[in-house]
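K.L.:
return atomic coordinates for the entry below.
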Amino acid sequence: MTDLSQSLAVFFWYVVLVLVPGGLFSILLHYLLSLPMQRRDRALFFLDLLETILKRGQPVEPAFIAAATYRDRSAGVHFFLVAAHMENGSRLGQALAETPGYLPPQVNAILQTGERLGDLRKVLPACREVLRLAPDTVRTTMHYMIAILLVFAPTAIGMIFFIITFVVPKFKEVMAGMGTQPWILTRIVFGLTPELILLEILLFLSLALAALVYIGGPRFVHWFQFRSIPVVDWISWCLPWKHKKLLRTFSAMLAVLLDGGVPEAEAVRLAGDCTANEICRRRAQRVVNALAEGMTLNEAIRFFDATGEFRWRLSNATHARGGFLQALRGWHEALDAKAFQQEETTAHAVTSGLVIVNGTVVALLATAIFGMLIVILKRMLETT
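P.N.:
The predicted model follows:
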């Protein structure tokens, strides 16, 4: 009976101390990792509903207000805020602008541009392109990075600090009492211990920032955005895969606007706004200024893309049949494919680098500690 009681007690504490915290942590991790997908699903729901309303020929704002009366929670809280703004007299674009956390900034800008054109159906394909899902390998790698962040990085920092604070001094006292000195490698490693801890902390902070950007989405990134110094937009423009996605969005919207008969200067300005990126807006303004000086669009577009590829593609699209959007569709798909490939390569390189760096730090510490043990054991054998 005593053995049974002890077994039950062990099982109880195992459940309380291991299974329950582990289960709660798993639920939390699943919730955090699902937030980006939930935002995307809500945005797709909004676009599907908008497309259905437009196909039926119904007025947009009254139809959204009527849809909000069903209280479907899967639409998200922000959907009802958008409907509430519409009920107060706001148009679709104004209601979305007053609820910036609902749709991605690029989708908001594209829909507002479509509202100005008077034909929202033309811009819906561009909105769906913005919401295209990254490959499974990219998402899996991001989830792996977040798992490293939440589990392994803090554990590694804690273990290193514990070993350096409590274990190493004891070994040093024993070795000093025996009159021995540790290996040169051991002295070098423990001499670099502050740097190793700093390296692990920097890795942890970098992973934390990447995880917050991935989980928090545009609303979190917006906190670091400044109109006069668009740091976030500049980083997005410099990252190769982000750069290609911005170029694709600008090109697609420019094609839609030109096909819709919008004047070139206004089309370039609106396409720059649809990227929701300040760097793109400034480059688009350079193109507008060049058009005002008498340049053709094919010549002025080099102020947006200095590589010359956009200029070449646009020149060919001018002579193609079926409109600009149809002529540039193949290039847009190629840009998406290259962007996903570069994103996947970078994600794999980062995760592999993190594993190698953490493995190297652990190997150095293990070698240093075992080096001290070998010196102590060797000294004990010599004295006996």
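K.L.:
so which bits of stretch 355-368 are buried?
P.N.:
358, 361, 364, 365, 368 (16 or more other CB atoms under 10 Å). For glycine as for every other residue, the C-beta is placed from the backbone atoms N, C-alpha and C.
K.L.:
and for that stretch, what's in contact with it?
P.N.:
Residues outside stretch 355-368 that contact it (CB atoms under 8 Å, 6 or more residues apart in numbering): 152, 156, 160, 163, 182-183, 185-186, 189-190, 196, 199-200, 203.
K.L.:
returning to what we had before: inside helices: which ones of the buried residues of stretch 355-368?
P.N.:
Cross-referencing the buried residues of stretch 355-368 against helices under DSSP state H gives 358, 361, 364, 365, 368.
K.L.:
about what we covered before: just put the contacts of stretch 355-368 in JSON lines and tack on distance to residue 111, secondary structure and neighbour count.
P.N.:
Below are these laid out as JSON lines (distance: CB to CB, whole Å; DSSP: H, G, I helix; E, B strand; the rest coil; neighbours: other CB atoms under 10 Å):
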{"residue": "152", "distance to residue 111": "42", "secondary structure": "helix", "neighbour count": "15"}
{"residue": "156", "distance to residue 111": "45", "secondary structure": "helix", "neighbour count": "20"}
{"residue": "160", "distance to residue 111": "50", "secondary structure": "helix", "neighbour count": "19"}
{"residue": "163", "distance to residue 111": "56", "secondary structure": "helix", "neighbour count": "17"}
{"residue": "182", "distance to residue 111": "67", "secondary structure": "coil", "neighbour count": "21"}
{"residue": "183", "distance to residue 111": "66", "secondary structure": "coil", "neighbour count": "15"}
{"residue": "185", "distance to residue 111": "62", "secondary structure": "helix", "neighbour count": "12"}
{"residue": "186", "distance to residue 111": "63", "secondary structure": "helix", "neighbour count": "23"}
{"residue": "189", "distance to residue 111": "57", "secondary structure": "helix", "neighbour count": "22"}
{"residue": "190", "distance to residue 111": "59", "secondary structure": "helix", "neighbour count": "22"}
{"residue": "196", "distance to residue 111": "50", "secondary structure": "helix", "neighbour count": "19"}
{"residue": "199", "distance to residue 111": "45", "secondary structure": "helix", "neighbour count": "17"}
{"residue": "200", "distance to residue 111": "44", "secondary structure": "helix", "neighbour count": "21"}
{"residue": "203", "distance to residue 111": "40", "secondary structure": "helix", "neighbour count": "20"}
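K.L.:
nearest to residue 121, of these?
P.N.:
Nearest to residue 121 among the contacts of stretch 355-368 is residue 203, at 47.4 Å by CB to CB.
K.L.:
hmm, the closest one is touching residue 157, no?
P.N.:
No: the pair residue 203 / residue 157 is not scored as a contact, 9.1 Å apart, by CB atoms under 8 Å.
K.L.:
just the pLDDT for residue 241.
P.N.:
On pLDDT, residue 241 comes in at 87.
K.L.:
oh, that last question was meant for residue 147, not what I typed.
P.N.:
Per-residue confidence (pLDDT) for residue 147: 66.
K.L.:
for residue 68, same thing?
P.N.:
At residue 68, pLDDT is 85.
K.L.:
domain assignment for the chain?
P.N.:
What automatic domain parsing lists as the domains of the chain is 2-103, 136-224+345-383.
K.L.:
got those as a markdown table, with distance to residue 235 columns?
P.N.:
Output for the domains of the chain, formatted as a markdown table (distance: least, CB to CB, whole Å):
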| stretch | distance to residue 235 |
| --- | --- |
| domain 2-103 | 19 |
| domain 136-224+345-383 | 9 |
